[in-house]
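Peer 1: the sequence and its predicted three-dimensional model are supplied below.
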Amino acid sequence: MKIVTTVAEVREQVKEWRAQGLTVGLVPTMGYLHEGHASLIDASHRDNDRTVVSDFVNPIQFGPGEDLESYPRDIDHDAQLVEEHGGDLIFHPEPEEMYHEGFSSFVDMTVLTEELCGLSRPVHFRGVCTVVSKLFNIVKPDRAYFGKKDAQQLAVIRHMVDDLNMDIEIVGCPIIRESDGLAKSSRNTYLNDAERQAALVLSRAVFLGMELVRNGEKDCSVILSRMKVLIQAEPLARVDYVKMVDCRTMQQIKTLDRPALCAMAVYIGKTRLIDNFFTEDV
Ligand code: PAF
């Protein structure tokens with residue numbers, strides 16, 4: 001397993017693999033890897049001859065006042081995890097390698113980014129689409145792997161690949177949870193003990209929503225209000241949003257008459273966490 005920091009080194013390595021007729025999977029990450037990322041690397045290792053993991057805290061997807069500076073970083077730990085899960089190359093660039101002086105081209109998206117995290121984090125998806133497009137151009141993978149925890153991101157990237165005719169298969173992988181239900185996230189490290197306990201309201205609300213859907217509830221307002229009541233009973237929690245959207249368009253719906261995504265963002269203290277379920281997975 002190798003760690004490289006420049007675009008030229010990635011291209012050289014991938015070119016060598018291509019010359020041998022090998023297939024390549026890409027797992028884009030912002031590092032501080034956990035079992036959720038490990039499951040993406042496992043999936044890529046299963047489907048492809050070689051796996052590249054990008055490990056880059058992308059500054060342009062953070063808005064003013066967000067956690068860019070404090071976002072956890074640990075490349076030694078990441079290297080060990082990637083190695084253990086069969087990754088072959090880590091691309092770990094400095095911001096200047098990705099955004100040289102005068103950088104001024106962005107990939108942006110309309111409709112799918114109007115709701116959910118797109119509404120609360122106005123520059124976020126422009127940053128994500130831009131860096132993921134760059135990574136696709138640098139690595140030119142056959143397949144790329146994204147977690148369903150970032151469900152809107154997954155939908156946005158699938159849509160971008162389709163809109164811009166990118167010849168890459170996008171693979172969505174299930175949410176990985178702690179044994180008590182909390183969805184794995186690098187941001188869980190921000191939580192103190194009391195907040196860690198309080199953060200369980202997210203998964204409890206998800207499980208409640210799933211149960212209501214399983215029992216045949218079709219009225220989204222009923223499902224969402226039951227979930228919100230549960231979250232609001234936790235004093236350390238503050239709801240950013242809990243919404244039901246059409247899976248394809250990411251626009252809000254009132255009735256469960258099509259495949260939908262129920263997504264939430266909740267502040268636990270100062271930490272903003274997300275969780276969700278797809279009605280098709282219930
Ligand atoms: O999901 C993430 O960690 C990031 O948004 C991604 C896709 C690596 C782009 O920076």
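Peer 2: On my side now, so go ahead.
Peer 1: and the stretch 101-250 of the chain, which of its residues are near the ligand?
Peer 2: Taking Cβ under 6 Å from any ligand atom as the contact definition, the stretch 101-250 of the chain meets the ligand at 128, 131-132, 150, 153. All C-beta spots, glycine's among them, are computed from the backbone N, C-alpha and C.
Peer 1: and the most centrally placed residue in the chain, what does it touch?
Peer 2: Taking Cα atoms, centre = their mean, the centroid of the chain lies closest to Asp150, which sits 3.6 Å from it. Residues counted as contacts of Asp150 (Cβ atoms under 8 Å, 6 or more residues apart in numbering) are Ile274.
Peer 1: give me the secondary structure label for it.
Peer 2: helix (DSSP: H, G, I helix; E, B strand; the rest coil).
Peer 1: in TSV: the residues of the stretch 101-250 of the chain next to the ligand, plus secondary structure and pLDDT.
Peer 2: Shown next, in TSV, are those (DSSP: H, G, I helix; E, B strand; the rest coil; pLDDT from 0 to 100):
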residue	secondary structure	pLDDT
Val128	helix	98
Val131	helix	99
Val132	helix	99
Asp150	helix	98
Gln153	helix	98
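Peer 1: so which of these wins on neighbours?
Peer 2: Val132 (27 neighbours; other Cβ atoms under 10 Å).
Peer 1: how close does that one get to Gly21?
Peer 2: 26 Å (Cβ to Cβ, to the nearest Å).
Peer 1: repeat for Glu114
Peer 2: In terms of Cβ to Cβ, Glu114 sits 43 Å off from Gly21.
Peer 1: Cys129 now?
Peer 2: Applying Cβ to Cβ to Cys129 and Gly21 gives a distance of 31 Å.
Peer 1: for stretch 213-233, the averaged confidence score.
Peer 2: Average pLDDT, stretch 213-233: 98.
Peer 1: return the set of buried residues in that stretch.
Peer 2: For stretch 213-233, burial by neighbour count (16 or more other Cβ atoms under 10 Å) applies to 213, 220, 223-224, 226-228, 230-231.
Peer 1: swap in stretch 10-20?
Peer 2: For stretch 10-20, by 16+ other Cβ under 10 Å, it's 10, 13-14, 17.
Peer 1: and that stretch, how far from the chain's centre?
Peer 2: 27 Å (Cα atoms, centre = their mean, to the nearest Å).
Peer 1: put the alpha carbons of that stretch into PDB.
Peer 2: Only the C-alpha atoms of stretch 10-20 are listed here, as PDB (Å, rounded to 0.1, in the frame of the first residue of the first chain):
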ATOM      1  CA  VAL A  10      -1.800   8.900  -8.900                       C
ATOM      2  CA  ARG A  11      -2.000   9.100 -12.700                       C
ATOM      3  CA  GLU A  12       1.300   7.300 -13.100                       C
ATOM      4  CA  GLN A  13       0.200   4.400 -10.800                       C
ATOM      5  CA  VAL A  14      -3.200   4.100 -12.400                       C
ATOM      6  CA  LYS A  15      -1.700   4.100 -15.900                       C
ATOM      7  CA  GLU A  16       0.600   1.200 -14.800                       C
ATOM      8  CA  TRP A  17      -2.500  -0.700 -13.600                       C
ATOM      9  CA  ARG A  18      -4.400   0.000 -16.700                       C
ATOM     10  CA  ALA A  19      -1.500  -1.200 -18.900                       C
ATOM     11  CA  GLN A  20      -1.900  -4.500 -17.000                       C
END
